[in-house]
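>>> any chance you can model this:
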Amino acid sequence: MTTKEVPEIWAEQWKAHNYEEMTEIQQLLYTPIKEGQDVIAVSPTGTGKTVAYSLPAIEKLEVKPHTQWLILAPSHELVMQIADVVRSWLPAGLKVIGIIGSANIKRQIDNLKKKPQVIVGSPGRVLELIKQKKIKMHEVKMITLDECDQLLIRENVPTVLEIVNSAMRDRQLVMASATKLEDPMMFYRNSEIEPVMIEAKAEESNANVNHLYMDVEQPRDKAILLRRISNVEGMHALVFVKDKIRMDIILEKLQYDGVAAAGIHGEVDKEKRKKYLAAFKKAELTYLVVTDVAARGLDIPDLPFVIHCDVAMDAKQYTHRSGRTGRMGKEGTVLSFANEREARTLRQYLKELNKDPIKVRYYEGVLTDDFETKAKRK
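Okay, the predicted model is just below:
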């Protein structure tokens, strides 16, 4: 059921993308998807899931003027990111378009008239176009649900179910997630089809990631600490906060202190999001402060730090946030600001990753756990 070597058909492009060996999930997904099986796949953030499900699916596409593959994703950024990845692998004669709710629907309808073989979209806009008969689901042979743990939260389930059920019954369904689904069989209760269940090991993506925490008892001290650690060599971090209110407070203090920082939340318009993300990727910003919803789909290669300014609400959220660094086996650092109670919670989260969080302090420009040496120097 697995392929350990890069398939010959992709070998040249694989090198052109500067990829090395296949990750575990890329090995495990290739054959089942190519053979047309329904798949439920769980693999940590940063292990190459998009490429894992895309390559075998692309091999099955035909150069015919109709949509054969529909990919759904929970955020606008992720939709466009997936479309870019798929486009980079498509052979000549095949087209992909991205469809998101904030874009001009008339322009999207015009693009659909070009008969793309692949559509990547957010559920609300996709369903709207299905109801207008602009997307013809009877032609779709494959459906992929990316980050389906988010696609299948309560408010999204009716829309996603309606989309999937509007396709032919013999369509192939692939569900991909960074964390386990609460109800992975919801699409199969009235079906004789048994999906293939695939789970890649978490160690693949976190082996080179350090999980640290700093003792912060008062929320007001977090902005001060962010300012101080901005002097750490190579500091370039995605900073997670619980809501817009906290973000505004932190950004105001950071900017007052001259720290290069910007923030993205649900109310930030598309152009500002693009501007801030571009500046962050160019390292013109030390910090990009984000809420969890706004961070969905942000693609930031080689990110050295993730900071949980507000401790994650649960282990699943911690995994999603932390997976932004140390992608594809690279090195990374995850730092949480936590009081005594939150530190206990953090240890529980990390038990699932077989890790222990290391308590550190900022001293002479570095993050250190060498408290004894520091005390002697005083």
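
>>> number of residues surrounding the nearest residue to residue 200 once chain neighbours are set aside?
Leaving aside its sequence neighbours, residue 200 sits nearest to residue 43 (CB to CB, 6 or more residues apart in numbering; 3.8 Å). The C-beta positions use only the backbone N, C-alpha and C, and glycine is treated the same way. If you count neighbours by other CB atoms under 10 Å, residue 43 ends up with 26.

>>> please apply the same query to the one 5 residues further on.
Neighbourhood size, residue 48 [other CB under 10 Å]: 23.

>>> wait, it touches residue 23, no?
Yes: counting by CB atoms under 8 Å, a contact exists between residue 48 and residue 23, whose distance comes to 4.6 Å.

>>> got the CA coordinates for stretch 52-68 in CSV?
C-alpha atoms of stretch 52-68 as CSV (Å, rounded to 0.1, in the frame of the first residue of the first chain):
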residue,chain,number,x,y,z
ALA,A,52,0.6,13.7,-0.7
TYR,A,53,-3.0,13.7,-2.0
SER,A,54,-2.4,15.8,-5.1
LEU,A,55,0.1,13.7,-7.0
PRO,A,56,-1.9,10.5,-7.3
ALA,A,57,-5.1,12.5,-7.9
ILE,A,58,-3.4,14.5,-10.8
GLU,A,59,-2.3,11.3,-12.4
LYS,A,60,-6.0,10.3,-12.8
LEU,A,61,-7.1,13.6,-14.4
GLU,A,62,-7.9,13.6,-18.1
VAL,A,63,-7.5,16.5,-20.5
LYS,A,64,-11.2,16.9,-21.0
PRO,A,65,-13.1,20.2,-20.7
HIS,A,66,-14.9,19.6,-17.4
THR,A,67,-14.3,19.6,-13.6
GLN,A,68,-13.1,16.2,-12.3
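
>>> contact partners of that stretch?
Contacts of stretch 52-68 with the rest of the structure, by CB atoms under 8 Å, 6 or more residues apart in numbering, involve 7, 9-10, 23, 25-26, 28-31, 33-34, 36, 39, 41, 43, 69, 85-86, 89-91, 93-94, 115-119, 135-136, 139-142, 144, 146, 174, 176.

>>> buried subset of these?
Neighbour counting over the contacts of stretch 52-68 (16 or more other CB atoms under 10 Å) leaves 10, 23, 25-26, 28-30, 33-34, 39, 41, 43, 69, 85-86, 89-90, 94, 116-119, 135, 139-142, 144, 146, 174, 176 as the buried ones.

>>> and the residue nearest to residue 200, how far is that from residue 242?
27 Å (CB to CB, to the nearest Å).

>>> low-confidence regions, the stretch 101-250 of the chain specifically.
The stretch 101-250 of the chain contains residues with pLDDT under 70 at 190, 202-207.

>>> mind listing the helices for it?
Applying DSSP state H, counting those that start in this stretch to the stretch 101-250 of the chain gives helices spanning 105-112, 123-131, 148-151, 157-165, 203-206, 221-229, 244-256.

>>> domain map for the protein?
Under the assignment automatic domain parsing, the domains of the chain span 8-200, 204-377.

>>> what comes up buried for stretch 273-282?
In stretch 273-282, the ones that count as buried by 16+ other CB under 10 Å are 273, 276-277, 280-281.

>>> and for stretch 282-291?
Going by neighbour count (16+ other CB under 10 Å), the buried part of stretch 282-291 is 285-291.

>>> and the closest residue to residue 22 other than its chain neighbours, how far from residue 198?
By the measure of CB to CB, 6+ apart, the closest residue to residue 22 outside its immediate chain neighbours is residue 6, 5.9 Å from it. Relative to residue 198, residue 6 is positioned 19 Å away (criterion: CB to CB).

>>> any idea of the mean pLDDT for stretch 20-38?
Per-residue pLDDT over stretch 20-38 has a mean of 92.

>>> what segments of the stretch 1-150 of the chain are strands?
Secondary structure of the stretch 1-150 of the chain, counting by DSSP state E, counting those that start in this stretch: strands at 39-42, 69-72, 96-99, 118-121, 142-146.

>>> let me have those strands in a markdown table, extended by distance to residue 128.
Shown next, in a markdown table, are the strands of the stretch 1-150 of the chain (distance: least, CB to CB, whole Å):
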| stretch | distance to residue 128 |
| --- | --- |
| strand 39-42 | 27 |
| strand 69-72 | 13 |
| strand 96-99 | 9 |
| strand 118-121 | 10 |
| strand 142-146 | 17 |
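
>>> for these, which one sits closest to residue 269?
Each of the strands of the stretch 1-150 of the chain has some distance to residue 269 by CB to CB; the shortest is strand 96-99, at 17.7 Å.

>>> tell me what the closest one is packed against?
Applying 3 or more CB pairs under 8 Å, 6 or more residues apart in numbering; DSSP states H and E, one finds that strand 96-99 makes contact with helix 76-89, helix 105-112, strand 118-121, helix 123-131.

>>> please repeat the previous calculation with a cut-off of 6 Å.
Packed against strand 96-99 by the contact rule (3 or more CB pairs under 6 Å, 6 or more residues apart in numbering; DSSP states H and E) you find helix 76-89, strand 118-121.

>>> partners of it in the sheet?
strand 118-121 (parallel) (DSSP bridges).

>>> ok now the partner strand, how far from the chain's centre?
The gap between the average C-alpha position of strand 118-121 and the chain average comes to 17 Å, counting by CA atoms, centre = their mean, to the nearest Å.

>>> using CSV, write out every CA atom in it.
These are the backbone C-alpha positions of strand 118-121, laid out as CSV (Å, rounded to 0.1, in the frame of the first residue of the first chain):
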residue,chain,number,x,y,z
VAL,A,118,-9.6,21.2,-10.7
ILE,A,119,-11.5,23.5,-8.4
VAL,A,120,-10.3,24.5,-5.0
GLY,A,121,-12.9,26.3,-3.0
